[in-house]
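A.B. asks: Dropping a prediction and its sequence here:
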Amino acid sequence: MTKKRRKGLSGLDKILIGCGVGCAGLILVAVLGAAFGGMWFFTPGQQIATDVIADDTSLGVVRLHELAEDPGTQELLTRLLEHINEADREHQRESLPPSLRWISDLQNQEADVSGLNMMIPKEMTVAFEPSEDGSDPDFVVAANPRVMVRMFKTMLSLVSRSEGGTEIRSDYRGHAAYTLEDETHVAFASSTVLFASSRRALERAIDRVETGESNSGSKATGRGFSTQIPEGEWDIEGVLSNEEGLIAGLLADLKSSDDELGHDLILGADDDLRLSFGFDVVSADEVTGRVVLECDDRQTAERWRSLLEQRYQERRDEAASRGLEIDLELHTEGHRMVSEWRLLGVEKLIARAFRAPTPED
């Protein structure tokens, strides 16, 4: 009995199968390349501790911690988005005929802050630096974004090349530094973004990055002064000195033309004045804080306490008319004036900002 011989694949079949396998392989490579490329493009990459930009020669430093994991901040952001969505729905509802307004009521009313959280840096530090001419202090911001740092770097690089690169890009210690149209100066330390108000301040920050000596933020910056950030778990904390009038400028609203005490304290504040603070978002409706003014002597601290007590009594009723309740405790500890406060009614203030004005406003 003769066995039938199995017919093999023709040359054309082999070519078609080979092409199919090759195309599938190319598609797989393209998909994996796009996935990993997109992941590389949108993820931040290696980042450094942002507090490295401040040291004992800085005039002040402010640190913003991980707000995307803070329950109070998340509740506040959720309420904010809810009011934004409600205002948007109301605007759309008013633009519809009365018979169709029920459609807007079917929209999802849940506020998802995950998208907003992606825009909140994992960590951020602001350092105030002496200016070259002794005028307003320079500042540097170091931020660790969650997404799209590499994309931002690529875009800046492409823009600088398209415009010749001589006007907006230059190098400093191996870092590409860019000058934007608004005279903001930008550089990158790995995938940590540095923004500065002047080229000199940016270079100073890069110098500190290169030395790798991080300032923990628990000690004062201002010329080695030993002020401590108030004890507690704060969302935002900082220390400022009054060199170049930094604190006087922030507290200028406390003085009035007919108030001798406020005028003398604000305008007569010397460089040794130090301010440290910590703020905490407890919930959508409550924010607490502690502020410490470190003065030359006990008498000056007592005068600051009297000024703040006076301003608190004057403005408490005005705040209450806006739905805000402020609890303030003031006392002195030697040459320090300590202010502990609690603000209630934040959510009411947000809701009021998004609703239409009424005759009572």
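C.D. replies: Alright, I've got the coordinates. These numbers were taken from a predicted model, which means no experiment stands behind them.
A.B. asks: mind checking the SS state of Asp207?
C.D. replies: helix (DSSP: H, G, I helix; E, B strand; the rest coil).
A.B. asks: contacting residues around it?
C.D. replies: For Asp207, the contact set (C-beta atoms under 8 Å, 6 or more residues apart in numbering) comprises Arg173. In this view, the C-beta of every residue, glycine as well, is placed from N, C-alpha and C.
A.B. asks: In the stretch 151-300 of the chain, where is pLDDT below threshold?
C.D. replies: The stretch 151-300 of the chain contains residues with pLDDT under 70 at 159-167, 213-230, 253-264, 266-271.
A.B. asks: for it, what spans make up the strands?
C.D. replies: Under the criterion DSSP state E, counting those that start in this stretch, the stretch 151-300 of the chain contains strands at 169-172, 175-179, 185-189, 192-196, 236-241, 274-281, 286-294.
A.B. asks: Just put the ones you listed in a markdown table and tack on distance to Val126.
C.D. replies: Formatted as a markdown table, the strands of the stretch 151-300 of the chain follow (distance: least, C-beta to C-beta, whole Å):
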| stretch | distance to Val126 |
| --- | --- |
| strand 169-172 | 21 |
| strand 175-179 | 19 |
| strand 185-189 | 15 |
| strand 192-196 | 9 |
| strand 236-241 | 8 |
| strand 274-281 | 13 |
| strand 286-294 | 17 |
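A.B. asks: I'd like those laid out as JSON lines, including distance to Leu343 and mean neighbour count.
C.D. replies: Shown next, in JSON lines, are these (distance: least, C-beta to C-beta, whole Å; neighbours: other C-beta atoms under 10 Å):
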{"stretch": "strand 169-172", "distance to Leu343": "43", "mean neighbour count": "14"}
{"stretch": "strand 175-179", "distance to Leu343": "39", "mean neighbour count": "18"}
{"stretch": "strand 185-189", "distance to Leu343": "35", "mean neighbour count": "22"}
{"stretch": "strand 192-196", "distance to Leu343": "29", "mean neighbour count": "23"}
{"stretch": "strand 236-241", "distance to Leu343": "14", "mean neighbour count": "23"}
{"stretch": "strand 274-281", "distance to Leu343": "10", "mean neighbour count": "21"}
{"stretch": "strand 286-294", "distance to Leu343": "5", "mean neighbour count": "20"}
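A.B. asks: Among these, which comes closest to Glu347?
C.D. replies: strand 286-294 (9.0 Å; C-beta to C-beta).
A.B. asks: on contacts alone, who are the packing partners of the closest one?
C.D. replies: Applying 3 or more C-beta pairs under 8 Å, 6 or more residues apart in numbering; DSSP states H and E, we find strand 286-294 packed against strand 274-281, strand 336-344.
A.B. asks: Show me the strands paired with the longest one, marking each as parallel or antiparallel.
C.D. replies: The strands that strand 336-344 pairs with in its sheet are strand 286-294 (antiparallel), strand 325-333 (antiparallel) (by DSSP bridges).
A.B. asks: Which secondary structure state is assigned to Ala68?
C.D. replies: Assignment for Ala68 (three-state DSSP): helix.
A.B. asks: so it makes contact with Gly115?
C.D. replies: No - Ala68 is beyond contact range of Gly115, at 11.3 Å (criterion: C-beta atoms under 8 Å).
A.B. asks: can you list the helices and strands packed on strand 286-294 in a markdown table and add distance to Leu80?
C.D. replies: Converted to a markdown table, those look like this (distance: least, C-beta to C-beta, whole Å):
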| stretch | distance to Leu80 |
| --- | --- |
| strand 274-281 | 11 |
| strand 336-344 | 16 |
